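1. I would like the atomic coordinates for the input below:
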Amino acid sequence: MVVEMMGKEKLVVEIVAANNLMPKDGEGSSSPFVEVEFENQKMRTTVKHKDLNPVWNEKLVFFVADVNDLPYRNVEVNIYNERKSGNSRNFLGKVRVSGSAISKNGDDEAMVQLYTLDKRSLFSHIRGEITLRAYLTTKDESFSSTNGGNQSKQKKNQLKRVYQQHQNQQQQQQIPISSMLSHQNHQQLKQKQGQQGQQQLNQLNQHNPIQAQQQGNNGVESNQGDMKPVVITTGPGSALGLTPSSQTPVSGSGFHPHHVFNDFSLKETSPHLGGGLTNKDKTSSTYDLVEQMQYLYVRVVKARDVSMFGVGEVMAEVKLGNYKGVTKRGGCSNPEWNQVFAFSKDCIQSSMVEIFVKEKENGDFFGRVWFDLTEVPKRVPPDSQLAPQWYRIEDKKGEKLKGGEVMLSVWFGTQADEAFAEAWHSKAATVHFDSLSSIKSKVYLSPKLWYLRVTIIEAQDLVPGEKGYSGMVRYPELVAKAQVGNTVLRTRVALPVANRSLANPYWNEDLMFVVAEPFEDYLMVSIEDHAAGHEELLGRILIPVAAIGRRLNEKPLEARWVTLDMHGNGFGESKMMNRFGSKIHLRASLDGGYHVLDESTMYTSDARPTAKQLWKPHIGVLEMGILGASGLMPMKLNQGKGSTTDAYCIAKYGQKWVRTRTVVDSLAPKWNEQYTWEVFDPCTVVTIGVFDNCHLEKNNTIGLGTRDSRIGKVRIRLSTLESDRVYTHSYPLLVLHPSGVKKTGELHLAIRFSCANMGNVLHMYVTPLLPKMHYTQKLTVPQVESLRYQATNVVSLRLSRTEPPLGREVVEYMLDHDSHMWSMRRSKANFFRLVSVLSGVTALSRWLDLVRSWQKPFISVLCLILFLALVFCPEFILPSTFLYISFTGLWRYRTRPRHPPHMDIRLSHAETVNQDELDEEFDTFPTSRSAEIIRRRYDRLRNVAGRIQSVVGDLATQGERFQALLSWRDPRATFLFILIGFIAAALFYAVPFRVVVALWILYEFRPPRFRSNLPSPGLSFFRRLPTLADSLL
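-> Numbering: from 1, shown residues only. Purely as a prediction, here's the structure:
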């Protein structure tokens, strides 16, 4: 029968032919057919039996909901072999056609394209090509059904029920998008999705009833001969509570009820790193974690003898097809530009590149040079750069001019070329000239941070002012205040002390600041009197931070007396005006033995002390290839041309921040940039964030309130990675909004952790996590929180002064500045983490009750015999225990995690949180939801609840570290623990138990002189074990 496609715009995919297909019917041939999918609409061609070079010449017509969204859509073309049974099929290859490559001018101008078939997975056996063309049309196109006959009413009702069930599941489980779209757009989108789904259902009923019946009966295609893509999950079942049966896709309808579950999962990928096995070059050793990207480079250096044309300032224009780049303006006679232009290989639309010399950008040229791309040489580093040459320019007729030459060089290269970072890229042609600096890739270094400790001990001979006296005797309320930059800290009010005058207050308090090199700030210490209802200055002193002494251990520096400047007089005035010499006794030092905590302690990427003299050699190297992203959510409107995203990636480890270039106007950007970090501690975390660049418009400049939008973040703990193994995965990018959790895309990474000496790595597991001064001179919890807030401000301020700058919103998001705030969702997640940890103890207690109750007599008899044997032979207790633990760890080796952790919405309780809890989590601090009195109570409640949340999280962390001993999540730690278990088993077997107990008691009751403030090696090893906190949002 003939089906008329309704609508104004229709997409026509004409399947012409295929050749050299893979035989998969077991008889040296195949019976291929093509299945095309577009916007949840599926259609297929006829089956060509026993033909490896089939010819179809069939047109498949699809309804286009919105033509403006076509460039962001893909057409999936799959070729299958139909088996004899007719109930299953073999995969023969696939092609993905981008919507931007579809002709919009109808059948007349659509070109037939030849595509090479791609694999579906790493182990697919695929070969051959397919020829097709795709175009938009408004004409009435028709196609013939591959299977005739009418669809039965029962089958129609069945498919309608499938459609309605899918719509109900979408309404219940679909990620809310009201924060990204207006309510009106959201309703339109839902209506559009319903129309597309209903139309697809009608097409399936009318067009291919036999296929619909087969797919409705079978559910999942039985492709046993092919390896399907690997989807890594965090546990059995779906994140949305779907049973395995409910996760079966309905192939015929194109609906996948389990798509939400898969979208939030980690997926293993197989990119062609280093150019693939057949396209490697000498750069593969340096760029072996990224895919090679080919570019055409044009370096325009300068020109000479152009004054003969009688023009003013001139410029050069490089043109390749529809892409063109313009240099800056140069001099009149011998202009110099020295600029590089890079054209991506997939953007090459012409067989030659032209360089024009002109006066105006849109004016006529008076000279040009052109090159045939087939004659352009290819440069492979480490070869030196291609030397530029002088080329005589020619006029519009193609004749060489007597005067006028241009010095330039043209070559083919990859992203490994030195010119890549500073080159103008063809895909950034729409970016304004003033915003070009904000799209380049850069490496940033965090400022070197120090803790400034100011100990205000006492003051002497203070003279209270006469303000507020009124003839009444009063006691002064003296407070010492210290200020560095915009940070102000105060001591408590000095209490009266026996045998001390009121003019000689005593505090002896430490005030801690965070300062950064180079030291440009001043430390101002002042004394104020708060007794008269206002702050009265009694004296102050100004000290340059650069003049303060440094210390590397807990030994304090010598305190000194400093004369105060009295009554707020200017520092430049004569001291003869001061009637008394008021002094203050203080001690100031720059503590280099601490590590300045600018990150959350759970996700720290560096634990080295500030002073470089205390650093130890690095133990390994972290290499990361940032390949690209896919399926990004549109973040902004592009001048009425539709929604778009200008994405860039930030990776932070230690003091080194890296920023990839911004890929303009792409929902599937490819960066393919590789970076390296030195690793000093394996128990650290690398953080990767993806952002949308909002500074590309002419009016959106830095500092005018424009903020880059966050797209998502990934954290990877290095201790969970095996040494020298390359991990290639697609990480889901998840962002929590006031309307719920959203998946904003997927980030593709290749990461490798290498270490030269495994002994040094294992030794790090028994050393303290933080430098020595954190244990010998501990900081209080309020001090740590205050100092972390100061450090975040200092880092964001310094990085905002770079070019291109990193905004404060980017730095705060990467440093998890709000991780300590109260959240009902986080509290639930930490509580259930604790419940999961205690579930092992609960299970053990239930097992003991089972043994005691003799419900299973055989097990009870065996346990009784074992307990009696251990009672009569106590020397076997500890060896048996350690042997059991060690063999349990070896048994679990085969089920060890093979993939790094990722953000888990089920663990984070992000899919079950309600709107009220999210509103509370995203509320400002202090709150803005109620009146003044309730606000104060609410803030106090949130502050206390935040501490409880942290305590519960810490308890869960300790329990998860016990579980990590034998889980092989950190392979080195588990190996070390098993090795210690074997050694301990042998030791406790050789040494009598009574001797061991006596030595342990003597060790625990040793004198304080033989004790150390540092944690024991066992405790340090335990604190370095990984936890599930890495997977929390």
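
2. And H817, how far from Q783?
-> With distances taken as Cβ to Cβ, to the nearest Å, H817 is found 17 Å from Q783. Bear in mind the C-beta positions are built from the backbone N, C-alpha and C, glycine included.

3. More neighbours: those two, which one.
-> H817 (20 against 14; other Cβ atoms under 10 Å).

4. hang on, the more buried one in a helix?
-> No: under DSSP: H, G, I helix; E, B strand; the rest coil, H817 sits outside any helix and is assigned coil.

5. could you list every residue that touches it?
-> With contact taken as Cβ atoms under 8 Å, 6 or more residues apart in numbering, H817 is in contact with Y789, T792.

6. Please enumerate the strands of the stretch 651-800 of the chain.
-> Here the stretch 651-800 of the chain has its strands, by DSSP state E, counting those that start in this stretch, at 656-659, 670-679, 685-692, 709-717, 726-737, 740-755.

7. for T974, phi and psi?
-> Main-chain torsions, T974, degrees, to the nearest 10: phi -60, psi -40.

8. related to what we said a few turns ago, what about the strands of the stretch 651-800 of the chain, which gets the closest to E509?
-> Closest approach to E509 among those (Cβ to Cβ): strand 685-692, 34.4 Å.

9. domains for this structure, by residue range?
-> As assigned by the TED database, the chain contains the domains 10-140, 294-429, 454-465+475-568+579-586, 612-815, 824-1031.

10. Make JSON lines out of the ones you listed and add distance to I439 and mean pLDDT.
-> Shown next, in JSON lines, are the domains of the chain (distance: least, Cβ to Cβ, whole Å; pLDDT from 0 to 100):
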{"stretch": "domain 10-140", "distance to I439": "20", "mean pLDDT": "85"}
{"stretch": "domain 294-429", "distance to I439": "6", "mean pLDDT": "82"}
{"stretch": "domain 454-465+475-568+579-586", "distance to I439": "28", "mean pLDDT": "87"}
{"stretch": "domain 612-815", "distance to I439": "4", "mean pLDDT": "89"}
{"stretch": "domain 824-1031", "distance to I439": "27", "mean pLDDT": "82"}
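
11. can you tell me which helix in the protein is longest?
-> For the chain, the helix reaching the highest residue count under DSSP state H is reported as helix 932-963.

12. Show me what that one is packed against.
-> On a contact count with 3 or more Cβ pairs under 8 Å, 6 or more residues apart in numbering; DSSP states H and E, helix 932-963 meets helix 824-852.

13. buried sites along the helix it packs on?
-> M824, R825, R826, S827, K828, A829, N830, F831, R833, L834, V837, V851 (16 or more other Cβ atoms under 10 Å).

14. same for it, what does it pack against?
-> When contacts are defined as 3+ Cβ pairs under 8 Å, 6+ apart, helix 824-852 packs onto helix 857-872, helix 915-921, helix 932-963.

15. Please find the angle between the direction vectors of it and helix 857-872.
-> Counting by axes from the mean of the first three to the mean of the last three Cα atoms, to 10 degrees, helix 824-852 lies at 90 degrees to helix 857-872.

16. roughly how far apart are the residue lying closest to S100 once chain neighbours are set aside and V97?
-> Nearest non-adjacent residue to S100, counting by Cβ to Cβ, 6 or more residues apart in numbering: P71, 4.3 Å away. For P71, the distance to V97 (Cβ to Cβ) stands at 12 Å.

17. between the two, who's got more neighbours?
-> Neighbour count, other Cβ under 10 Å: between P71 and V97, V97 has more, with 20 against 16.

18. can you list contacts of the helix or strand hosting that one?
-> V97 belongs to strand 89-98 when assigned by DSSP states H and E. Residues outside strand 89-98 that contact it (Cβ under 8 Å, 6+ apart): 13, 21-22, 24-25, 30, 32, 71, 74-83, 115-120, 124, 126-128, 130, 132, 134, 221, 223, 225-226.

19. May I see the buried residues of that strand?
-> Neighbour-count burial for strand 89-98, counted by 16+ other Cβ under 10 Å, picks out R89, N90, F91, L92, G93, K94, V95, V97.

20. which is the next helix or strand following that strand?
-> For strand 89-98, the following helix or strand on the C-terminal side (DSSP H and E) is strand 113-116.

21. Now do the same contact list for the residue nearest to A1029 when sequence neighbours are not counted.
-> Here the nearest residue to A1029 in space, its sequence neighbours aside, is M602; by Cβ to Cβ, 6+ apart that works out to 4.9 Å. Taking Cβ under 8 Å, 6+ apart, we find M602 in contact with S819, T957, T1027, A1029, D1030.

22. pull the CA atoms of stretch 427-439 into CSV?
-> Once non-C-alpha atoms are left out, stretch 427-439 reads as follows in CSV (Å, rounded to 0.1, in the frame of the first residue of the first chain):
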residue,chain,number,x,y,z
LYS,A,427,35.5,26.5,13.3
ALA,A,428,35.8,29.8,15.2
ALA,A,429,35.1,31.9,12.2
THR,A,430,31.9,33.4,13.8
VAL,A,431,33.7,34.5,17.0
HIS,A,432,34.3,38.2,17.4
PHE,A,433,37.9,39.3,17.2
ASP,A,434,37.9,40.6,20.8
SER,A,435,36.8,37.2,22.0
LEU,A,436,39.4,35.1,20.2
SER,A,437,41.6,35.0,23.3
SER,A,438,38.8,33.3,25.3
ILE,A,439,38.6,30.2,23.1
